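S.K.: pasting the structure only:
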């Protein structure tokens, strides 16, 4: 069964860091591009970052560029999102999503991804 499991969310102070993980226990991630998206209460879904199946291409939305880093370890079937210099506006439920794709495909649009996790909550507050 194709399933994604996010973890690593929590409460952090502004300026702090968190590392989110997206695990795929039931399938091989090698041929899947992975995206991170988020949704804050009362707001639309927002793109965060995406990585191609090879790991050779990454994309960051402007709101997180320079602060977040996406990476993957296909052997561990896990994709990571390192989040530094967190701001209150980063608070949201973070979802990872997967889409079967070629090694360099890196379209970072929510509607392009068909396999989704349940999300992990990130709270940024004093």
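M.R.: Sure, I can see it. Note that the coordinates shown come from a computational prediction; the quantities given were computed from them, not determined experimentally.
S.K.: With adjacent residues omitted, what lies nearest to the residue most central in space within the chain?
M.R.: Centroid-nearest residue in the chain, with Cα atoms, centre = their mean: residue 36, separated by 2.6 Å. Using Cβ to Cβ, 6 or more residues apart in numbering and skipping residues adjacent in sequence, the residue nearest residue 36 is residue 48, 4.2 Å away. For the C-beta atoms, the positions are set from N, CA and C on the backbone; glycine is no exception.
S.K.: what about the one you found, which SS state?
M.R.: The three-state assignment at residue 48 reads strand, by DSSP: H, G, I helix; E, B strand; the rest coil.
S.K.: Next, work out how far apart residue 111 and residue 47 are.
M.R.: Note on residue 111: its distance to residue 47, by Cβ to Cβ, to the nearest Å, is 11 Å.
S.K.: now swap in residue 123 and tell me
M.R.: For residue 123, the distance to residue 47 (Cβ to Cβ) stands at 20 Å.
S.K.: between the two, which one's more packed in?
M.R.: Using other Cβ atoms under 10 Å as the criterion, residue 123 and residue 47 rank with residue 47 on top: 18 against 14.
S.K.: could you list every residue that touches the more buried one?
M.R.: 35, 37, 61, 108, 109, 110 (Cβ atoms under 8 Å, 6 or more residues apart in numbering).
S.K.: pLDDT score assigned to it?
M.R.: pLDDT for residue 47: 98.
S.K.: go on, residue 37?
M.R.: pLDDT, residue 37: 98.
S.K.: How about residue 25?
M.R.: For residue 25, pLDDT reads 87.
S.K.: Surely residue 30 touches residue 53?
M.R.: Yes - Residue 30 is within contact range of residue 53, at 6.4 Å (criterion: Cβ atoms under 8 Å).
S.K.: Looking at the two, which has the bigger crowd around it?
M.R.: Each of residue 30 and residue 53 has its neighbours counted (other Cβ under 10 Å); residue 53 has more, 23 against 13.
S.K.: tell me which element that one is part of?
M.R.: Under DSSP states H and E, no helix or strand contains residue 53.
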